[in-house]
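Undergrad: Pasting the sequence and the predicted model now:
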Amino acid sequence: MDKRWSLQGMTALVTGAASGIGYAIVEELASFGAIIHICDISETLLSQSLSEWEKKGFQVSGSICDVASRPDREKLMQTVSSLFDGKLNILVNNVGVIRGKPTTEYVAEDFSYHISTNLEPAFHFSQLSHLLLKASGFGSIVFMSSATGVVSVQCGSIYSLTKGALNQLTRNLACEWAKDGIRANAVAPNVVKTPLSQSVI
């Protein structure tokens, strides 16, 4: 491996990582030597994924976490701080949900569901991780955005709204936290074939 790309000894938290895009992110980070903690709402998927990574020799641990729950988020970050001695190199705000509907068919609960899963946790996890990222000396936050946060789609306006908000949050934190040695970037893929995307493919 080219040492320029090594993440040996680096620590990372990846949210919603027991399946889909999050799972693939963990595979990549671990293959470059990172030590990773993940969270997922599914105990079954979490256990299965951790077992698979253990067989590959990856250093991955995990916690059950409902990211829509503020107490769960705070508990998770306490765990991460304890595991990594108060330092975190990489935060990947990956978790996300989508309900693809025409705008006129959305109800209040749909709006709350998207905001409380796609947007609020990413903001709060970034807040909670700030001191840990700063302590590492070179922290990096990656937000999982979407092409739909930039261009229009036929259905899924609330989902697109949350991704557009993540794009702006990325810009803000990149400028605001640069002085602390923390970078912020957003990745904006189009539709990726995962269990989550089956309803819209």
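TA: Thanks, I have it.
Undergrad: Using the three-state scheme, assign the closest residue to G156 other than its chain neighbours.
TA: Spatial nearest neighbour of G156, excluding adjacent residues (CB to CB, 6 or more residues apart in numbering): G100 at 4.5 Å. Backbone N, C-alpha and C define where each C-beta goes, glycine included. Of the three states, G100 takes coil under DSSP: H, G, I helix; E, B strand; the rest coil.
Undergrad: Could you measure from G100 over to T148?
TA: 10 Å (CB to CB, to the nearest Å).
Undergrad: on that earlier part again, the residue nearest to G156 - how many residues pack around it?
TA: 16 (other CB atoms under 10 Å).
Undergrad: Just the pLDDT for it.
TA: Turning to G100, the model gives it a pLDDT of 91.
Undergrad: Phi, psi for it please.
TA: Here is the backbone geometry of G100 (degrees, to the nearest 10): phi -80, psi 110.
Undergrad: Which residue ranges of this structure form helices?
TA: Ranges of helices within the chain are 20-31, 43-55, 70-83, 108-114, 120-136, 157-176, based on DSSP state H.
Undergrad: Compile these into a markdown table and extend it with columns for mean pLDDT.
TA: Formatted as a markdown table, the helices of the chain follow (pLDDT from 0 to 100):
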| stretch | mean pLDDT |
| --- | --- |
| helix 20-31 | 97 |
| helix 43-55 | 98 |
| helix 70-83 | 99 |
| helix 108-114 | 98 |
| helix 120-136 | 99 |
| helix 157-176 | 98 |
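Undergrad: As CSV, these with distance to G9 would be great.
TA: Formatted as CSV, those follow (distance: least, CB to CB, whole Å):
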stretch, distance to G9
helix 20-31, 12
helix 43-55, 17
helix 70-83, 14
helix 108-114, 36
helix 120-136, 11
helix 157-176, 24
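Undergrad: Would you mind giving these as TSV with distance to A184 and mean neighbour count added?
TA: Shown next, in TSV, are these (distance: least, CB to CB, whole Å; neighbours: other CB atoms under 10 Å):
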stretch	distance to A184	mean neighbour count
helix 20-31	16	19
helix 43-55	26	14
helix 70-83	17	16
helix 108-114	21	14
helix 120-136	8	20
helix 157-176	4	18
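Undergrad: Just to check, I38 is in contact with S19?
TA: No - I38 lies out of contact with S19 (CB atoms under 8 Å); the separation is 10.5 Å.
Undergrad: Between these two, which has more neighbouring residues?
TA: Ranked by neighbour count (other CB under 10 Å), I38 and S19 place I38 first, with 27 against 17.
Undergrad: This completes my enquiry, with thanks.
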